[in-house]
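Engineer: Please find the sequence and the predicted model below.
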Amino acid sequence: MHYETLFQEIHSELQSVEDPGQVGDYIPELAHVNPDQFGVHLTTVGGEEFAFGDAEKRFSIQSIAKVFTFVLAYSRIKSSIWERTGLEPAGTPFNSLVQLEYDRGIPRNPFINAGAIVICDILASELASPKENILSFIHRITGTDSIDYNSKVALSEKKTGYRNYALVNLMKSFANIKNDIDRVMDIYFHICSIEMSCKELCRSFLFLANNGIVPFSGEQILTASRTKRVNALMQTCGFYDEAGEFTFKVGLPGKSGVGGGIVAVHPEKYTIAVWSPRLNKKGNSFKGMLFLEELTSRTSSSIF
Ligand code: GLN
């Protein structure tokens, strides 16, 4: 399959679709991003690469990083992770507080903000230097050492992250946060600030399409069974209260971020990343979702 021609075709057709979205400006630093950028990249498990547009331009990956931290925690603490977070779709916005009160501080899943904050707390207990260790994990699975935090974005979110502080305080009141709140939130805000390109995101997610093994280094990150579970979680929880719609329309496990990025995995075949900064009302990339829907429909490559 020669994807580049298809990328061009779909992109030019989507030019005429009016994008009602806005960039995610509740994090002030993200408001400066040029909203008209667009990139897509596909990498096959065998190492073939296809790109279009701003595929090599780095952007703020935001919640996509929740997959990296979850995988790192899951590879270390195994089943007891499910005593700290659930594994059910939330059906509420990514930063909602409502469910935490009913479930006594246990988040519905590790991909909403509350769940990712708990995972940061686990990593704060498990790792000697969490921020360095998380970054070096990402370097290993991507094969690129220059990926870094953007401290301006992390600080911008820290200054305005009232909801995230509300979540962590509520969970601390139920004893589901073990470390100092500021230490945990420093890790959380930093992981959200990581910048990567579509090309790098494709490489970093490739082990999830390859039974847990990084194809270009041979390193086993997760067992095949745990890899299947991470993909299942992305399928059911990767797009917050739009996970059903993404499954319905695109049909691949994936994860989005408010920087406008989406990564999706076709097990045993490929990873695909798309970036378009304007977001729909659920905080997912408007054009990114449309693009992936067109792509999987035209290539009949939904997993269903
Ligand atoms: N850093 C963002 C937040 O905590 C991440 C949200 C997202 O990408 N959905 O609100």
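Structural biologist: Received, thanks.
Engineer: how about the nearest residue to Ser75, chain neighbours excluded?
Structural biologist: In space, and not counting its chain neighbours, Ser75 is closest to Leu222: 5.7 Å by Cβ to Cβ, 6 or more residues apart in numbering. Placement of C-beta: from N, CA and C, glycine included.
Engineer: Run through the helices of the stretch 151-300 of the chain in chain order.
Structural biologist: Ranges of helices within the stretch 151-300 of the chain are 151-160, 162-173, 181-192, 198-209, 224-237, 243-249, 286-298, based on DSSP state H, counting those that start in this stretch.
Engineer: who wins for proximity to Leu72 among the ones you listed?
Structural biologist: The closest of the helices of the stretch 151-300 of the chain to Leu72 is helix 181-192. By Cβ to Cβ, the value is 10.2 Å.
Engineer: Off-centre distance for the closest one?
Structural biologist: Taking Cα atoms, centre = their mean, to the nearest Å, one finds the center of helix 181-192 at 16 Å from the center of the full chain.
Engineer: and that helix with helix 162-173, angle?
Structural biologist: Using axes from the mean of the first three to the mean of the last three Cα atoms, to 10 degrees, the inter-axis angle of helix 181-192 relative to helix 162-173 is 130 degrees.
Engineer: I figured the residue nearest to Ser75 hits Lys228, correct?
Structural biologist: No - Leu222 is beyond contact range of Lys228, at 9.2 Å (criterion: Cβ atoms under 8 Å).
Engineer: residue contacts, Leu97?
Structural biologist: Taking Cβ atoms under 8 Å, 6 or more residues apart in numbering as the contact definition, Leu97 lies against 114, 163, 166-167, 170.
Engineer: re earlier: minimum distance to Phe70: which of the helices of the stretch 151-300 of the chain has it?
Structural biologist: Closest approach to Phe70 among the helices of the stretch 151-300 of the chain is made by helix 224-237 (7.1 Å; Cβ to Cβ).
Engineer: Kindly report the residues of this structure close to the ligand.
Structural biologist: Residues of the chain lying close to the ligand by Cβ under 6 Å from any ligand atom are 62-63, 94-95, 113, 157, 164, 192, 257-258, 283.
Engineer: Closest to His2 out of those residues?
Structural biologist: Distance to His2 across those (Cβ to Cβ) is lowest for Gly257, with 28.6 Å.
Engineer: Nearest residue to that closest one in space, please, no chain neighbours.
Structural biologist: The shortest distance from Gly257 to any residue other than its chain neighbours is 3.3 Å, reached at Gln62 (Cβ to Cβ, 6+ apart).
Engineer: hang on, that neighbour packs against Gly259?
Structural biologist: Yes - counting by Cβ under 8 Å, Gly259 is a contact partner of Gln62 at 4.5 Å.
Engineer: hey, what's in contact with both of those two?
Structural biologist: Contacts common to Gln62 and Gly259, judged by Cβ under 8 Å, 6+ apart, are Gly24.
Engineer: excluding its backbone neighbours, what's nearest the closest residue to the ligand within the stretch 101-250 of the chain?
Structural biologist: Closest residue of the stretch 101-250 of the chain to the ligand, Cβ to the nearest ligand atom: Cys192 (3.4 Å). The shortest distance from Cys192 to any non-neighbouring residue, by Cβ to Cβ, 6+ apart, is to Gln62 (5.0 Å).
Engineer: And Glu200, by the same measure?
Structural biologist: Closest residue to Glu200 apart from its sequence neighbours, by Cβ to Cβ, 6+ apart: Thr142 at 5.2 Å.
Engineer: residues touching that neighbour, list them.
Structural biologist: Counting by Cβ under 8 Å, 6+ apart, Thr142 makes contact with 196, 200, 203-204.
Engineer: what do you get if the cut-off is 10 Å, keeping everything else the same?
Structural biologist: Applying Cβ atoms under 10 Å, 6 or more residues apart in numbering to Thr142 gives the contacts 68, 196-197, 199-206, 214, 216.
Engineer: I appreciate the help and will end here.
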